[in-house]
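K.L.:
what follows is a predicted protein model with its sequence.
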Amino acid sequence: MACRITELVLDCREPERLARFWCEVLGFVVLGREDDDIEIGPPEGSGGLQPTLLLSRSEDPKNGKLRLHFDLNATDRDQDAELERLLAAGARPADIGQTGQESWYVLADPEGNEFCLLRTRVS
């Protein structure tokens with residue numbers, strides 16, 4: 001039997017702020033809190049196909065581009081409409097050296113963690 005990714009841990013300075021942002025972006029809800037850490041995930045809870053996200057308080061500064069990032073696909077609108085929604089939620093454009101010819105957008109969450117918005121819509 002193989003392993004499965006069940007949760008992703010993102011160190012951050014303000015777990016509450018990032019929980020609000022990522023819950024809005026992903027349609028997640030707060031699943032639990034322990035000390036300053038917040039776990040968010042799909043409304044049906046943990047254990048499903050989608051991993052949860054644990055936002056773990058850390059005072060360590062973010063140095064450079066993340067070595068692992070999220071790729072997102074819109075589920076109910078086209079890429080441009082989803083880009084507008086993400087920007088309104090607090091995302092901002094990020095420059096990691098892209099050429100401008102990419103079919104995706106590189107964005108950053110409120111703490112500067114990069115993620116990409118891909119073109120394809122998924123169900």
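P.N.:
Nice, thanks for sending it over.

K.L.:
care to break this protein down by domain?
P.N.:
Listed domain ranges for the chain are 1-60, 68-123 (source: automatic domain parsing).

K.L.:
need the ones you listed in CSV with mean pLDDT, can you?
P.N.:
Shown next, in CSV, are the domains of the chain (pLDDT from 0 to 100):
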stretch, mean pLDDT
domain 1-60, 94
domain 68-123, 95
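
K.L.:
now tabulate these in CSV and tack on mean neighbour count.
P.N.:
C-betas here are computed from N, CA, C, even on glycine. Formatted as CSV, the domains of the chain follow (neighbours: other CB atoms under 10 Å):
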stretch, mean neighbour count
domain 1-60, 15
domain 68-123, 14
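
K.L.:
list the helices and strands the one helix or strand Leu53 maps to packs on?
P.N.:
Assessed by DSSP states H and E, Leu53 sits inside strand 52-57. Counting by 3 or more CB pairs under 8 Å, 6 or more residues apart in numbering; DSSP states H and E, the packing neighbours recorded for strand 52-57 are strand 7-12, helix 15-26, strand 37-41.

K.L.:
between the ones you listed, which one is closest to Pro51.
P.N.:
Nearest to Pro51, of all the helices and strands packed on strand 52-57, is strand 7-12, at 5.3 Å by CB to CB.

K.L.:
any idea of the angle the closest one forms with strand 52-57?
P.N.:
30 degrees (axes from the mean of the first three to the mean of the last three CA atoms, to 10 degrees).

K.L.:
put the alpha carbons of strand 7-12 into PDB.
P.N.:
Extracted as PDB, the C-alpha positions of strand 7-12 are listed here (Å, rounded to 0.1, in the frame of the first residue of the first chain):
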ATOM      1  CA  GLU A   7      -2.200  17.500   5.200                       C
ATOM      2  CA  LEU A   8       0.100  20.200   4.100                       C
ATOM      3  CA  VAL A   9       1.800  22.400   6.700                       C
ATOM      4  CA  LEU A  10       2.500  26.000   5.900                       C
ATOM      5  CA  ASP A  11       4.500  28.000   8.400                       C
ATOM      6  CA  CYS A  12       3.200  31.600   8.800                       C
END
